[in-house]
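*Asks:* how would this look folded up:
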Amino acid sequence: QVQVVESGGGLVQAGDSLRLSCAVSGLPFEDQNLAWFRQPAGGEREFVARITWAGDQPSYGDFVQGRFTISRDNAQNMGYLQMNSLKPEDTGVYYCAVGWVSRWTEAADGYQHWGQGTQVTVSS
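*Replies:* Predicted structure coming up:
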């Protein structure tokens, strides 16, 4: 059974940092691309960041503007999203997702397994 579990969300002030973690089990993690998406309350899910199975070619949504860093540790089956200089508009539920390496995409439908999400709230 595949499990994707996010952690690390919370309530912070504008300008603070958070590090989200994603624990993946039940499949060969090193065969999966990994991505983060987010969804504000009442809003659409949007792409945040992605990284290949090998931990290279990181790419980010336009709004990130150098504030976030995606990474992974294949030995630990873990993915991470370091978020710095957080803004109130970064508030939302953050989801980790994994998908087969054959499809390298920012689209949500390219990822087969998703976590339940972790809430990030940034106060002004």
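*Asks:* Tell me which stretches of this protein form helices.
*Replies:* With DSSP state H as the criterion, the chain has no helices.
*Asks:* So which residue is smack in the middle of it?
*Replies:* The centroid of the chain falls nearest to W36 when counting by CA atoms, centre = their mean (2.3 Å).
*Asks:* Run through the residues that contact that one.
*Replies:* Contact analysis of W36 by CB atoms under 8 Å, 6 or more residues apart in numbering lists 20, 22, 48-50, 70, 79, 81, 94-97. Backbone N, C-alpha and C define where each C-beta goes, glycine included.
*Asks:* Also R38?
*Replies:* For R38, the contacting residues are 45-46, 48, 90, 92-95, 120, by CB under 8 Å, 6+ apart.
*Asks:* Against E30, how distant is the residue nearest to it when sequence neighbours are not counted?
*Replies:* The spatially closest residue to R38, leaving aside those adjacent along the chain, is G92, at 4.4 Å (CB to CB, 6 or more residues apart in numbering). Look at G92 and E30: by CB to CB, to the nearest Å, they are 29 Å apart.
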